[in-house]
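Trainee: requesting a structural model of the entry that follows:
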Amino acid sequence: MELDPARGYDFIGDIHGCGKTLEHLLSTLGYRIEAGVWRHPQRMAIFVGDLIDRGPHIRETLHLVHDMVRAGSALCIMGNHEFNALGWSTPAPAGSGRHYVREHSPRHRRLIQQTLEQFEAYGDEWQGFLDWFYELPLFIDAGRFRVVHACWDQSLIDPLRAQFPNACIDEAFLQESAIPGNFANTALDRLLRGTDMRLPGDMTLTSNDGFTRSYFRTKFWEENPQTYGDIVFQPDALPELAAQIPLSESQKTELLKYPDDQPMLFVGHYWRRGKPTAIRPNLACLDYSAVLKGKLVAYRLDQENRIDSDKFVWVNVEGPEARP
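Mentor: Got it, this is the predicted structure:
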């Protein structure tokens, strides 16, 4: 991606169908509707993915972002929810043991239900958006900054870039990801969902939505983690006993890290709370739980090479877009 040195960039976090709040944020950032599209005279928006699912205005969100991208006033990368939608609608390859790349289980259906319902009367539109999702790159590497939905792993990005120079996958690669442990499965899971670790022993955790699992998602940005509790990021807390268990030296060594001498990295995905701020001078998460009574957050990048915590802009999500 070629950077225009005279242009500013506004990175925008996970929207999840909060389309009215997105309009509020764009207006706050100085974007205006011209010829039916939100535009800024000097700046470009960059969306970190997860446009769909959960919120009440998913269809409106997709039209808004799609039109901005088509008009050249925005870029958008793929989030795990766009990937999930493709997997939901795509038959799995023979021999994978699945019917679809993303099986139609009760949990998976529940996550995509709002999207399917809001497009129930617009089947052709939905197919058009599914086709467009293949045009969303998995990552952006602009030299001075990088963008990925969940996790930057150079060991996976290099072979991905060799196979897909524009970082956009195709249906064959998506189907390959239905086979656990292969490159497609590993790469898409890491970049779009992040890193994880198994709970010790036979421990499990049950999330707020009632699903029980033996793995938990981990941070890749902790400088010196000592316990399981230091590296958990997800909203569902670990069992208290597990959180206090020390990490072994081998576990610490195996944890993926994003070095502090690397370019600025902008991610979404991690359901943060509180006042938006940088995690480190070269790392910012822009997902502040918008659809769960949180904030829709942007970072305004100009010419700086380190992230300035004073340059976050956000609007609170209120009314029908804020789920209980």
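Trainee: gap between Lys252 and Ala242?
Mentor: Lys252 is 16 Å from Ala242, where distance means CB to CB, to the nearest Å. Where you see a C-beta, it was placed from the backbone N, CA and C, and this is true even at glycine.
Trainee: now Pro106
Mentor: According to CB to CB, Pro106 stands 26 Å off from Ala242.
Trainee: check Leu51 too.
Mentor: Leu51 sits 34 Å away from Ala242, taking CB to CB as the criterion.
Trainee: between the two, who's got more neighbours?
Mentor: Shown here are Leu51 and Ala242; by other CB atoms under 10 Å, Leu51 has more neighbours (31 against 19).
Trainee: separation between the more buried one and Tyr215?
Mentor: To Tyr215, Leu51 is 26 Å away according to CB to CB.
Trainee: again with Ser309
Mentor: Note on Ser309: its distance to Tyr215, by CB to CB, is 32 Å.
Trainee: for the closest residue to Pro91 other than its chain neighbours, give me phi and psi.
Mentor: Leaving aside its chain neighbours, Pro91 sits nearest to Tyr100 (6.1 Å; criterion: CB to CB, 6 or more residues apart in numbering). Main-chain torsions, Tyr100, degrees, to the nearest 10: phi -130, psi 160.
Trainee: check what pLDDT Tyr100 gets.
Mentor: According to the prediction, Tyr100 has pLDDT 96.
Trainee: enumerate every residue touching it.
Mentor: 87-92, 178 (CB atoms under 8 Å, 6 or more residues apart in numbering).
Trainee: can you say which of the residues you listed are buried?
Mentor: Listed as buried from the contacts of Tyr100 are 87-90, 92, 178; burial here means 16 or more other CB atoms under 10 Å.
Trainee: point out where the stretch 151-300 of the chain drops to low pLDDT.
Mentor: Applying pLDDT under 70 to the stretch 151-300 of the chain picks out residues 207-211, 234-237.
Trainee: send over stretch 281-295 as CSV, restricted to the C-alpha atoms.
Mentor: Taking C-alpha atoms only, stretch 281-295 is exported to CSV below (Å, rounded to 0.1, in the frame of the first residue of the first chain):
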residue,chain,number,x,y,z
PRO,A,281,3.9,3.0,21.9
ASN,A,282,3.6,0.7,18.8
LEU,A,283,0.4,-1.2,19.6
ALA,A,284,-3.2,-0.1,19.9
CYS,A,285,-6.5,-2.0,20.1
LEU,A,286,-9.5,-0.2,18.8
ASP,A,287,-12.3,-2.6,20.0
TYR,A,288,-14.0,-1.1,23.0
SER,A,289,-17.1,-3.4,23.1
ALA,A,290,-19.3,-1.1,21.1
VAL,A,291,-22.2,-3.4,20.8
LEU,A,292,-22.1,-4.1,24.6
LYS,A,293,-22.8,-0.6,25.8
GLY,A,294,-19.2,0.3,25.1
LYS,A,295,-17.5,2.8,22.8
